[in-house]
Structures are given as structure tokens and as C-alpha cells.
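**Student:** just need the structure, nothing else, for what follows:
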Amino acid sequence: MDELSSAAARLRGLVRSATVGLVGREQLAELILLAAVAHEHLLVIGPPGTAKSAVVRRVANLMGGRYFEYLLGRFTEPAELFGPVDLRRLREGRVETDVAGMLPEADVAFLDEVFLGSTAILNTLLGVLNERRFRRGHTDVACPLRVCVGAANALPEDESLAAFADRFLLRLFVAPVADSELEALLEGGWRAEQGVEQAQHALGDLDLLAGRVLHVNLDAVRGPLAEAVRALRKAGLSLSDRRIVRTQRLVAAATVLAGRQTATEADLWPLFYVLPSHEAQLSAQEALRDSLKVAANPTLSSAAELAALQPASRVDRLLQAARACLATDDETTSRTLAEALLREIDANFVADAMPELLLAERTRLVAHVAASA
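**Tutor:** Reported below is the predicted structural model:
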């Protein structure tokens with residue numbers, strides 16, 4: 001396995017660790033990694049209590065870098081995010097900010113209720129998000145920020161916030177766990193209470209992959225990407241030129257996270273998450289059906305699958321889930337997971353049309369269930 005594939009595989013393990021007990025939140029963890037590798041930012045929209053902050057905290061802890069989190073409000077002061085004025089330097093006649101331990105020094109940041117920030121805060125944040133620089137008075141420092149995750153209960157209706165919201169290229173809309181998964185939620189939540197994940201210090205892997213993004217060969221996908229955008233426009237779904245161009249970074253990031261340096265049509269799925277509203281994403285499912293028919297990613301399997309909603313993208317997730325299940329030490333949990341996976345595999349693939357790798361894992365799952373009966 002080469003250096004690129006090894007780094008991607010370790011990040012896949014990070015996603016599994018970060019989402020233990022958090023049903024249906026693999027997609028969020030994966031998109032945080034995609035954004036970090038692409039040097040873009042992620043906006044998560046959903047009601048309180050849907051584990052948004054829990055996933056971000058876990059991913060940040062497993063990365064092992066400096067983490068900054070803050071809940072913004074109407075009366076939040078800039079100093080609460082960026083640091084106070086350095087009084088010693090002020091007495092010398094210079095207005096400088098002491099950024100120690102604050103957002104400008106963070107590798108990963110999570111800003112809850114991000115649209116409640118004041119104009120002064122949001123204007124300063126634009127520089128941090130766009131340029132990775134913090135400027136205030138005489139202070140001008142480079143920020144090591146890999147990714148900022150912003151969260152809110154809903155998209156803002158105020159037009160004045162549109163420019164700020166546009167700096168979050170990726171959008172994810174989350175909902176409470178469905179009725180059919182409540183048992184899994186309860187079991188997973190109890191398991192999560194019993195274990196604490198250990199930092200994996202994955203920033204090196206992220207930086208390795210991020211350094212390869214601009215060297216990805218996109219020649220084979222520019223035409224298909226343009227056709228996908230035309231399909232969206234035909235369906236009445238428009239994207240700004242800026243968002244279309246920046247989508248290439250996401251496609252390149254998906255490529256390196258798949259362990260490759262040459263993009264294929266399997267890597268076009270991030271386009272789905274660039275659509276700015278939940279309604280637009282729902283409408284895009286049909287418009288992008290042909291463009292994303294081969295979408296897949298072995299590292300970000302849930303995000304790719306839920307963007308495409310097609311069998312080809314489902315295979316990677318099922319393969320990863322089967323291998324993880326068979327590696328589980330808890331016999332009772334392993335058997336329960338194996339039975340659930342067998343039901344899902346059989347519901348999505350007939351035996352004659354099942355991919356060879358998935359058929360092999362299904363055979364192993366059947367043997368595992370039989371042995372533990």
C-alpha cells in the first residue's frame with residue numbers, strides 16, 4: 001500500500017472511532033475530513049440535540065490538533081473568539097491581540113449558532129476563513145486552521161449574511177434519528193458512554209493528503225463536471241461561478257482520500273454538498289442521477305452513498321461495515337451487526353449481480369453468524 005492509500009486508510013479508521021455510538025453521523029465526520037483536506041469549510045444545519053457538536057469534538061480530538069469551540073450569541077464580543085487586547089503592548093502604544101489559546105491558533109474550529117455573530121465578528125471571520133489570516137490592529141498572524149465547522153438551526157434569511165454563509169462551501173443538513181433506528185441509537189449511545197476515544201494525531205495524514213490536492217489530474221472529469229452543472233441548471237438549480245470552480249478542490253480532495261492522484265467520475269459526488277439549501281439538495285438527487293451513477297469512495301463511503309443514492313456507491317460502505325463487524329471482539333454485538341448487514345446486502349443486491357468483493361464478505365458474514373449461533 002502506498003503512502004497516499006495508507007494515509008487515507010488511517011483516516012477511515014478515524015471516522016469509525018469518531019462515530020461510535022452516533023447513529024447516522026458518519027456522513028458528518030467524513031465531510032469534516034473532506035473539507036479539511038480540500039482546505040474548505042463545512043456548514044451543518046439541523047435542530048439541537050442531533051450530535052453536531054459531539055461529532056466535531058470527537059474528530060478534532062482524534063486528529064490531535066488544537067481545537068477551538070464557541071457558542072455565539074447576540075452579545076458575543078470579538079475578544080471571546082480572537083483574544084483580548086494585549087495590555088502590555090497597549091501601554092507601549094501598539095494595539096495588539098493576545099491570540100494564545102483562541103481561534104487564530106486553532107487547527108479545527110467549531111462555531112455553534114454561527115450566524116448570531118456581530119458584524120465585527122463576522123467580518124474578522126471572513127479573513128480567517130478565506131485567507132487563514134487574523135488581522136486586528138497591529139496584529140497580523142497566519143492561522144493554522146485546517147477546517148472550520150459552522151452550525152445553525154436554520155439557514156439565515158437575512159440577505160446581509162449571504163456573503164458570509166457562502167464561505168462555507170460544503171453544506172450538510174441533519175435530522176433526528178429515524179424511528180426505525182431508535183434501538184440502534186439507544187445501544188450506540190450506551191456503548192459511547194463506556195469508552196473514550198484516544199487521540200490518533202492524524203494531522204500529519206491530513207496535511208499529506210492536502211499537499212497532494214493541487215497535483216491531482218482533473219482532465220478526465222472536467223467535462224462530466226460541466227455536464228453535471230448543466231443538468232442542475234436545467235432542473236432550475238443554479239450555483240455561483242465561485243462555487244462551481246471551488247468544487248474542483250472537493251473533487252480533488254475526494255480523489256486523494258480514495259488513494260489516487262487521477263480523478264474519475266466516481267469522485268464527482270461532492271458537487272451534491274455544494275448545493276446551498278436542503279430543498280436544492282433534494283431536487284438534485286434526480287438531476288444528478290446519471291452524473292453520480294458510479295460515485296464511490298472507500299474512505300468517505302457514507303458521504304458518497306448518500307449523495308448518489310445508487311448501488312455502486314453503496315458497495316464501499318457495505319464492504320467497510322462488513323470488515324469492521326468481523327473484526328469486532330464483542331460476540332453479541334458482532335452477530336447483531338452481521339445479521340443487519342446481511343439483510344441490507346440482500347435487499348440491495350441479487351446474488352447474480354453482486355460485486356465479487358461484496359459477495360466474498362457476505363460469505364464470511366454468513367459463516368460468522370452460523371458459528372456464533
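**Student:** what helix or strand does residue 150 sit in?
**Tutor:** strand 147-152 (DSSP states H and E).
**Student:** tell me the strands beside that strand, with direction?
**Tutor:** Strand 147-152 sits in its sheet next to strand 42-45 (parallel), strand 108-112 (parallel), going by DSSP bridges.
**Student:** how about the ones you listed in a markdown table, adding mean pLDDT and distance to residue 98?
**Tutor:** (Glycine included, C-beta is placed from N, CA and C.) Converted to a markdown table, the strands paired with strand 147-152 look like this (pLDDT from 0 to 100; distance: least, Cβ to Cβ, whole Å):
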| stretch | mean pLDDT | distance to residue 98 |
| --- | --- | --- |
| strand 42-45 | 97 | 28 |
| strand 108-112 | 97 | 18 |
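**Student:** I'd like to know which of those strands is closest to residue 231.
**Tutor:** Minimum separation from residue 231 across the strands paired with strand 147-152 (Cβ to Cβ) falls at strand 42-45, 23.7 Å.
**Student:** now do the buried residues in that closest one.
**Tutor:** 42, 43, 44, 45 (16 or more other Cβ atoms under 10 Å).
**Student:** doesn't residue 82 make contact with residue 98?
**Tutor:** No: assessed by Cβ atoms under 8 Å, residue 98 is found out of contact with residue 82, at 9.4 Å.
**Student:** residues in contact with stretch 104-111?
**Tutor:** 32, 36, 53, 56-57, 59-60, 63, 65-70, 72, 81-83, 97, 99, 103, 117, 125, 128, 134, 141, 143-151, 203 (Cβ atoms under 8 Å, 6 or more residues apart in numbering).
**Student:** circling back to that earlier point, may I have the strand holding residue 150 as PDB, with CA atoms only?
**Tutor:** What follows is strand 147-152, C-alpha atoms only, in PDB (Å, rounded to 0.1, in the frame of the first residue of the first chain):
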ATOM      1  CA  VAL A 147     -11.300  23.400   8.800                       C
ATOM      2  CA  CYS A 148     -14.000  25.500  10.400                       C
ATOM      3  CA  VAL A 149     -17.400  23.800  11.000                       C
ATOM      4  CA  GLY A 150     -20.200  26.300  11.500                       C
ATOM      5  CA  ALA A 151     -23.600  25.100  12.800                       C
ATOM      6  CA  ALA A 152     -27.000  26.600  13.000                       C
END
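**Student:** what comes into contact with that strand?
**Tutor:** Outside strand 147-152, the residues touching it (Cβ under 8 Å, 6+ apart) are 32, 35-36, 39-46, 52-53, 56, 108-115, 128-129, 168.
**Student:** the protein - how does it break down into domains?
**Tutor:** 18-177, 310-373 (automatic domain parsing).
**Student:** so which of those comes closest to residue 12?
**Tutor:** Going by Cβ to Cβ, the one of these nearest residue 12 is domain 310-373, 6.9 Å.
**Student:** and for residue 341, the neighbour number?
**Tutor:** 20 (other Cβ atoms under 10 Å).
**Student:** now do the one 10 residues further on
**Tutor:** Applying the criterion other Cβ under 10 Å, we find 8 residues in the vicinity of residue 351.
**Student:** just give the nearest non-adjacent residue to it, would you?
**Tutor:** In space, and not counting its chain neighbours, residue 351 is closest to residue 359: 7.6 Å by Cβ to Cβ, 6 or more residues apart in numbering.
**Student:** and the one you found, how far from residue 120?
**Tutor:** 59 Å (Cβ to Cβ, to the nearest Å).
**Student:** ok, which stretches of the stretch 1-150 of the chain are strands?
**Tutor:** 42-45, 67-71, 108-112, 133-136, 139-142, 147-152 (DSSP state E, counting those that start in this stretch).
**Student:** which residues does the residue nearest to residue 32 when sequence neighbours are not counted contact?
**Tutor:** Nearest non-adjacent residue to residue 32, counting by Cβ to Cβ, 6+ apart: residue 59, 5.0 Å away. Counting by Cβ under 8 Å, 6+ apart, residue 59 touches 14, 18, 29, 32, 33, 108.
**Student:** one more time with 6 Å
**Tutor:** Counting by Cβ atoms under 6 Å, 6 or more residues apart in numbering, residue 59 touches 18, 29, 32.
**Student:** who's residue 217 bridged to?
**Tutor:** Here residue 217, judged by DSSP bridges, has bridge partners residue 262.
**Student:** wait, doesn't it sit right on residue 262?
**Tutor:** Yes: counting by Cβ atoms under 6 Å, residue 217 does reach residue 262; the two are 4.5 Å apart.
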